[in-house]
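> Kindly generate the corresponding structure for this input.
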Amino acid sequence: MKWDWSAVADFMPHFWDGLLVTLQILVIGSVISFVLGLVWALLMRAPSRWVTWPVGVITEFIRNTPLLVQLFFLFYVMPEWGLTFSALTTGVVGIGLHYSTYTMQVYRAGIEAVPVGQWEAATALNLPLRRTWSAVILPQAIRRVVPALGNYVIAMLKDTPILMAITVLEMLGEAQLFAREHFQFTEPLTVIGVAFIVISYLASLALRALERRLVH
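Below is the predicted model:
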């Protein structure tokens with residue numbers, strides 16, 4: 001086997017296209033999972049079982065079925081019901097929805113870790129419920145769970161190649177397409193492997209820096 005630098009050079013335009021798509025999936029998917037996960041967590045604390053029961057069933061179903069099955073359902077079944085989206089939109093929504101059921105548990109743990117005295121202090125000050133959550137509980141809860149949320153961002157990054165199954169050409173998809181067209185697999189797949197390692201490492205560094213900033 002001989003390493004071909006010219007193949008790497010030829011692949012790089014495809015790599016940048018795939019990288020852009022991967023980052024779009026990661027950023028937008030993370031935002032969806034963070035926001036929706038918080039919504040799930042808050043709904044699970046509702047006093048009515050008419051709220052907590054359906055939310056629990058929905059989130060358990062999503063968390064306990066494979067991401068690939070969910071993507072196939074969104075991409076191939078939903079159009080039969082009149083809901084059609086692009087492959088990229090479907091993939092971003094699908095991966096964000098899937099990971100929201102995990103971030104929900106992270107938020108739940110953070111909220112439960114807030115000392116009871118904080119709730120009592122907010123009650124003693126006669127703070128409205130909305131103010132209690134926004135100014136007292138959530139800032140403390142989210143600060144505690146940043147490392148866990150960051151780990152799910154890295155996990156989501158490593159799951160982006162699954163979106164190839166619904167024709168999304170992220171980094172690995174571009175690499176496979178290039179390899180099949182040029183009959184050169186080593187160079188593009190190696191570049192992609194290194195890219196995933198570098199992005200994951202940079203994300204972990206950013207996570208540690210954010211964690212140190214929140215602590216101090």
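> from here on, contacts and neighbour counts on C-alpha atoms
Noted.
> Tell me which stretches of this structure form helices.
When secondary structure is read from DSSP state H, the chain shows helices at 5-43, 49-63, 67-72, 87-113, 116-124, 129-131, 138-159, 171-182, 186-215.
> and residue 165, which of those is closest to it?
Taking C-alpha to C-alpha as the measure, the helices of the chain were each checked against residue 165, and helix 67-72 came out nearest at 7.7 Å.
> So which elements touch that closest one?
helix 87-113 (3 or more C-alpha pairs under 8 Å, 6 or more residues apart in numbering; DSSP states H and E).
> redo that, cut-off 6 Å
Contact here means 3 or more C-alpha pairs under 6 Å, 6 or more residues apart in numbering; DSSP states H and E; on that basis helix 67-72 packs against no helix or strand.
> which residues are contacting it?
For helix 67-72, the external contacting residues (C-alpha atoms under 6 Å, 6 or more residues apart in numbering) are residue 94.
> got the CA positions of it in CSV?
Listed in CSV are the C-alpha atoms of helix 67-72, where the atom choice follows Å, rounded to 0.1, in the frame of the first residue of the first chain:
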residue,chain,number,x,y,z
LEU,A,67,-31.5,6.5,16.2
LEU,A,68,-31.4,4.9,12.7
VAL,A,69,-35.0,3.6,13.1
GLN,A,70,-36.1,7.1,14.1
LEU,A,71,-34.3,8.7,11.1
PHE,A,72,-35.9,6.2,8.7
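> Distance from the chain centre to it, please.
Taking the mean of its C-alpha atoms, helix 67-72 sits 15 Å from the chain's own mean (C-alpha atoms, centre = their mean, to the nearest Å).
> go on, stretch 105-116?
The chain centroid and the centroid of stretch 105-116 are separated by 20 Å, computed with C-alpha atoms, centre = their mean.
> Identify the residues contacting that stretch?
Here stretch 105-116 has contacts from 41, 141, 144, 145, using C-alpha under 6 Å, 6+ apart.
> List the buried residues in that stretch.
106, 107, 108, 109, 110, 111, 114 (16 or more other C-alpha atoms under 10 Å).
> Residue 51 versus the residue nearest the centre of the chain, what's the distance?
Nearest residue to the geometric centre of the chain (C-alpha atoms, centre = their mean): residue 30, 3.8 Å. Note on residue 30: its distance to residue 51, by C-alpha to C-alpha, to the nearest Å, is 25 Å.
> now do residue 113
23 Å.
> ok, back up a step: among the contacts of stretch 105-116, which two are most distant?
Across the contacts of stretch 105-116, the longest distance by C-alpha to C-alpha is 15.1 Å; it joins 41 and 144.
> Okay, now the unreliable bits of the protein?
Of all residues in the chain, those with pLDDT under 70 make up the ranges 1, 214-216.
> ok, now with 80
Scanning the chain with the threshold set as pLDDT under 80 gives 1, 116-117, 119-129, 132, 134-135, 210-216.
> what's the closest of the buried residues of stretch 105-116 to residue 125?
In terms of C-alpha to C-alpha, no member of the buried residues of stretch 105-116 lies closer to residue 125 than residue 114, at 17.3 Å.
> For residue 46, which phi and psi angles does the backbone take?
Backbone torsions of residue 46, given as degrees, to the nearest 10, read phi -70, psi 150.
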